[in-house]
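J.: just the structure for this:
(chains A and B)
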Amino acid sequence: MKFSRRTTMAIAVVGALALGSTLGACSSDDSSSGDSGSTTLDPNTKVTLNVVGLLPGAKPEAQQALADEVADFQKENPNITVKTHDYEWKATTFAADLAGGTLPSVFEIPFTDAKTLIANAQIADMQAYLTQLAYASNFNKNLLQYGQGSDGHVYAIPAKSIYAIGLHYNRDLFTQAGLDPNKPPTTWEEVRTAAKAIAEKTGQAGFAQMSKDGTGGWQLTVDTYSRGGRMEDGKKATLTNDATKASLQFLKDLRWTDNSMGANFSYDWSGINQAFAAGKIGMYTSGQDVYTSLVQTNNINPKSYGLTMIPLSGGESGVLGGGTMAAVSSKASNNEKAAAVKWIDYHYLRKYTNEGAAKKNAEIQVASKQPVGTPELPIFTQQQYQQYQDWIKTYVNVPLDQMTTFTSKVFDAKLVNEPAIATQDVYKALDTAVQAVLTDKNANIDQLLTEANAKAQRAIDAAG
Amino acid sequence: MSALGAPRGTGDATGARGNHRPATSGRPRRRDPMTWVQRGGLSSIVFALPLLVIFGVFSWWPIVRSVVMSFQKTNLVGTPKWVGWHNFQYVLTDPDLPTAIRNTLYFALLALVIGFPVPLVTAVLISSVRKRKGLYSALAYLPVVVPPVVAVLLWKFFYDGSADGVFNTILDWVGLGPYTWLSSPSLAMPSLVVEATWAAAGGTVIIYLAALISVPDELYDAAEVDGAGVWRKVWHVAMPQLRGVLLITFILQIIGTVQVFLEPYLFTGGGPANATLTILLMIYNYGFGSSLGGNYGAATALSVMLAAFLAILSLVYFKLTSGWSKS
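T.: Numbering: from 1, shown residues only, chains lettered A, B, ... in the order given. Reported below is the predicted structural model:
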């Protein structure tokens, strides 16, 4: 009896474990059950939708504004429960999150990634859901094509942060350095002069550059475009062009001749924002919309902020543009997809096409002291964007008068898309060159770019 | 397992060695399933099952999958495609591979030079003090308790390259610096090793201490009578006793340092300009470095090559040192 009791107990334990895992499997199946197979959401079906929210570390006021928005959405759609998750897109973690299934059902991706994710069947076909929106045919076609598959269907939807790169500067440091904050630099030579003055007079970095996790390559591409160069010509890597060499030489001069770039040479996107908001950086280049993040996450003093055009030189010069798309997991059920398109409409897009929604959204943001009116590029038409600006005019609380040298010129500039093939790999290959120039006085620019070009070509070839 | 149901001392024991000839006298003993169950055969398996399942699912199966995947092209979504040796060829022709190997060996060398003697000396010192041995042991072990990511963030703060940085401020008192620790291609790797040593030395100190405590006091007393000082006692009494432990910790340290990932990933991301790019970081970059889904084939191919290298290294090491550990 002694043995059989032990055996019985063991069998009971194993049985319980097996039952537990079976139940676990059943409960996870439940989330995708009850699918109607239709592209519209059955009003009697309860759906829980996981969506990306704010950047990690966002201020309580920003969290409150999002919570208010969610409450309002749920009031409009009582059968949908929205759960927001902090999210920052990073090249080094996105693939792992996506492969591991830890991303929310609705997430954000940069324009340059959509085509490959569509080809890999990693994001859902949203065509049938998107067409239910009244403004579905009004999207800027140039932006929409980023999210279309080879079948012509829309998988990723242009959603926010449609940007051109701008030169962000700290007005206080300009003043302390004896520079006029209302007359920011318009040429790269003036940027160098201003950076040197800021470093000498204030002890802070006059100019800083991102260099980590692909951001170094991203910003070197920005610099290259502004001098008329390009990184790819069809399927050929062209990293050894004169404009890229000049851009690296510019950084080398600032770093080693002028010593005007401070002591940190390993910034990524969030790191450089943090240092800039803390008053440690005089100037840096990044997307024009970064002000929103600087307020929500980095607590910047609005009075110190300035935005101007990136210097352009040469006939082919242009401003790098990009943006963020909303995508839905390919594992999402039909009900989740139907709910997702409602959230994408409510959270990202409706405000641009509907006066009531624009004002309501602005009210929520203003009530929580969040920025309203940060300059963006139009997702639909320029006229519609202008109309949106008119709707929210009375709510605008960002210092637009400190951004006029950007907003008055950006629509006249030539916008250039990011490199089309193996974008992130090209950027990573360039990271090494940027880091070498910033950390090694004897860095050989020609050699660095030749090596980077070989790596980029290898990635382009592998991408097919 | 075949002997589980066979009582000792019976002729049936031959059956356990695979001899299935019929017995010449008496009835052959039958293996009754109920007897086997009653003797605990089933419960042994049932109790071993969770362990086997957990090891199988989380250790052995991933290893098998890695080897299989190293011959495939896959994005973990669609059907994998067999590509033969292509992934290995891709990795071996990667221009960053020689840099990663060089950096990894450099880290391993620095970790040996700095990281091997530090815990040894610490353990000897702690074992030779007469009071508060426990307190000193706890203090030595304390960094191991600090979560690794927290430790790296803390040291990142220390390594701030501006003149206001903690280390730069201290060095300024003696007229040195400032140094751009993590942004300097020549200083970045040693900076990582110093932190890694600080973080990991405590565990090794405890192992050495345990071995030192097991050395009989009579041996020290005899050495003292012969006029030996502290360091001669360490060299002639403690070290021979520690030889076996030292050999094991040495190979474990090499295996550990060759697989270094956390420090370069969190401190520098492999920079500046690949100065801290290690083999494991390269594997990570293959797998997850691109937002567009990784080259999992190349990542697993390099992992398999690294595992094979370490296995061969360990075998050679134990072969070469097999005579040394016998005291």
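J.: hey, let's count contacts and neighbours off CA atoms from now on
T.: Noted.
J.: read off the pLDDT value for the spatially most central residue of chain B.
T.: Note on chain B: the residue nearest the mean C-alpha position is residue B:256, at 3.9 Å, using CA atoms, centre = their mean. Here, the pLDDT recorded for residue B:256 equals 86.
J.: can you classify it by secondary structure?
T.: Following DSSP: H, G, I helix; E, B strand; the rest coil, we place residue B:256 in the helix state.
J.: per-residue pLDDT, residue 17?
T.: Since no chain was named, I'll use chain A. The predicted local confidence for residue A:17 is 38.
J.: you answered for a different chain; I wanted chain B.
T.: Note for residue B:17: predicted pLDDT of 40.
J.: residue A:9 too?
T.: Listed pLDDT for residue A:9 reads 43.
J.: ok, now residue B:238?
T.: In this model, residue B:238 carries a pLDDT of 81.
J.: and the gap between it and residue B:121?
T.: For residue B:238, the distance to residue B:121 (CA to CA, to the nearest Å) stands at 12 Å.
J.: the more surrounded of those two?
T.: residue B:238 (21 against 14; other CA atoms under 10 Å in any protein chain shown).
J.: which residues does the more buried one contact?
T.: Counting by CA atoms under 8 Å, 6 or more residues apart in numbering or on different chains, residue B:238 touches B:212, B:215.
J.: okay, now the sheet partners of the helix or strand where residue A:306 lies, with direction.
T.: Element membership of residue A:306, judged by DSSP states H and E, is strand A:305-309. Sheet pairing for strand A:305-309, assigned by DSSP bridges, gives strand A:157-170 (antiparallel).
J.: pretty sure residue A:212 sits in a strand.
T.: No. Read with three-state DSSP, residue A:212 is coil and lies in no strand.
J.: spell out which parts of the stretch 101-250 of chain B neighbour chain A.
T.: Residues of the stretch 101-250 of chain B lying near chain A by CA under 8 Å from any CA of the partner chain: B:160-162, B:180, B:183-185.
J.: C-alpha coordinates for the helix or strand residue B:62 falls within, PDB please?
T.: Under the criterion of DSSP H and E, residue B:62 resides in helix B:61-69. Taking Å, rounded to 0.1, in the frame of the first residue of the first chain, the C-alpha atoms of helix B:61-69 are listed here in PDB:
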ATOM      1  CA  TRP B  61      15.200  20.800 -27.400                       C
ATOM      2  CA  PRO B  62      16.500  24.300 -28.000                       C
ATOM      3  CA  ILE B  63      20.000  22.800 -28.500                       C
ATOM      4  CA  VAL B  64      18.700  20.400 -31.100                       C
ATOM      5  CA  ARG B  65      16.600  23.200 -32.700                       C
ATOM      6  CA  SER B  66      19.600  25.400 -32.900                       C
ATOM      7  CA  VAL B  67      21.600  22.800 -34.700                       C
ATOM      8  CA  VAL B  68      18.800  22.200 -37.100                       C
ATOM      9  CA  MET B  69      18.200  25.900 -37.600                       C
END
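J.: say whether chain A is contacted by whichever helix or strand comes after that helix.
T.: Sequence order places strand B:72-73 as the next helix or strand after helix B:61-69, per DSSP H and E. No. Strand B:72-73 stays clear of chain A (CA under 8 Å from any CA), getting no nearer than 11.5 Å.
J.: list of residues touching whichever helix or strand comes after strand B:72-73?
T.: Sequence-wise, the next helix or strand downstream of strand B:72-73 (DSSP H and E) is strand B:81-82. With contact meaning CA under 8 Å, 6+ apart, strand B:81-82 is reached by B:71-74.
J.: can you tell me how far the residue in the stretch 151-300 of chain A that chain B sits nearest to sits from residue B:159?
T.: As assessed by CA to the nearest CA, chain B sits closest to residue A:263 within the stretch 151-300 of chain A, at 5.2 Å. According to CA to CA, residue A:263 and residue B:159 sit 11 Å apart.
J.: what ranges do the strands span in the stretch 251-400 of chain A?
T.: Here the stretch 251-400 of chain A has its strands, by DSSP state E, counting those that start in this stretch, at A:281-287, A:305-309, A:319-328.
J.: name the strands paired with the longest one and say parallel or antiparallel.
T.: The strands that strand A:319-328 pairs with in its sheet are strand A:106-110 (antiparallel), strand A:157-170 (antiparallel), strand A:415-416 (parallel) (by DSSP bridges).
J.: residues touching that strand, excluding its own?
T.: With CA under 8 Å, 6+ apart as the test, strand A:319-328 has contacts from A:105-112, A:123-124, A:126, A:147, A:155-165, A:221-222, A:225-226, A:310, A:312, A:337, A:340, A:344, A:413-418.
J.: does any bit of the helix or strand hosting residue B:90 sit next to chain A?
T.: Using DSSP H and E, residue B:90 falls within helix B:86-92. No. Using CA under 8 Å from any CA, helix B:86-92 stays clear of chain A, with a minimum separation of 9.9 Å.
J.: and that helix, C-alpha only, in CSV?
T.: Extracted in CSV, the C-alpha atoms of helix B:86-92 (Å, rounded to 0.1, in the frame of the first residue of the first chain):
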residue,chain,number,x,y,z
HIS,B,86,25.3,28.6,-46.4
ASN,B,87,24.8,30.1,-43.0
PHE,B,88,28.3,28.9,-41.8
GLN,B,89,29.8,30.3,-45.0
TYR,B,90,27.9,33.6,-44.4
VAL,B,91,29.3,33.9,-40.9
LEU,B,92,32.8,32.9,-41.8
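J.: can you list the helices and strands that it packs against?
T.: Secondary-structure packing of helix B:86-92 (3 or more CA pairs under 8 Å, 6 or more residues apart in numbering or on different chains; DSSP states H and E): helix B:296-321.
J.: that older thread, make CSV out of the contacts of strand B:81-82 and add pLDDT and neighbour count.
T.: Formatted as CSV, these follow (pLDDT from 0 to 100; neighbours: other CA atoms under 10 Å in any protein chain shown):
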residue, pLDDT, neighbour count
B:71, 97, 21
B:72, 95, 23
B:73, 90, 20
B:74, 85, 19
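J.: now pLDDT and secondary structure too, for the residues of the stretch 101-250 of chain B next to chain A, in JSON lines please.
T.: Shown next, in JSON lines, are these (pLDDT from 0 to 100; DSSP: H, G, I helix; E, B strand; the rest coil):
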{"residue": "B:160", "pLDDT": "90", "secondary structure": "coil"}
{"residue": "B:161", "pLDDT": "86", "secondary structure": "coil"}
{"residue": "B:162", "pLDDT": "84", "secondary structure": "coil"}
{"residue": "B:180", "pLDDT": "89", "secondary structure": "coil"}
{"residue": "B:183", "pLDDT": "89", "secondary structure": "helix"}
{"residue": "B:184", "pLDDT": "91", "secondary structure": "coil"}
{"residue": "B:185", "pLDDT": "92", "secondary structure": "coil"}
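J.: am I right that residue A:143 is in a helix?
T.: Yes. According to three-state DSSP, residue A:143 belongs to a helix.
J.: I'd say it and residue A:158 touch.
T.: Yes. Between residue A:143 and residue A:158 there is a contact under CA atoms under 8 Å: 6.6 Å.
J.: more neighbours, the two?
T.: Between residue A:143 and residue A:158, counted using other CA under 10 Å, the more crowded position is residue A:158 (28 against 21).
J.: my read: the more buried one touches residue A:142, true?
T.: No. Contact criterion CA under 8 Å: residue A:158 and residue A:142 do not qualify, at 10.3 Å.
J.: which bits of chain A sit near chain B?
T.: Residues of chain A found near chain B (CA under 8 Å from any CA) are A:3-4, A:6-7, A:10-11, A:14, A:90-96, A:99, A:113, A:116-117, A:120-122, A:212-213, A:262-266, A:424-425, A:431-436, A:439-440, A:455.
J.: quick one, helices of the stretch 151-300 of chain A?
T.: For the stretch 151-300 of chain A, the helices defined by DSSP state H, counting those that start in this stretch cover A:171-176, A:188-202, A:215-226, A:242-252, A:269-277, A:290-296.
J.: list the buried residues for the shortest one?
T.: Using 16 or more other CA atoms under 10 Å in any protein chain shown as the burial criterion, the residues of helix A:171-176 that qualify are A:171-174.
J.: would you mind putting those into a markdown table with distance to residue B:89 alongside?
T.: Output for the buried residues of helix A:171-176, formatted as a markdown table (distance: CA to CA, whole Å):
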| residue | distance to residue B:89 |
| --- | --- |
| A:171 | 53 |
| A:172 | 55 |
| A:173 | 52 |
| A:174 | 53 |
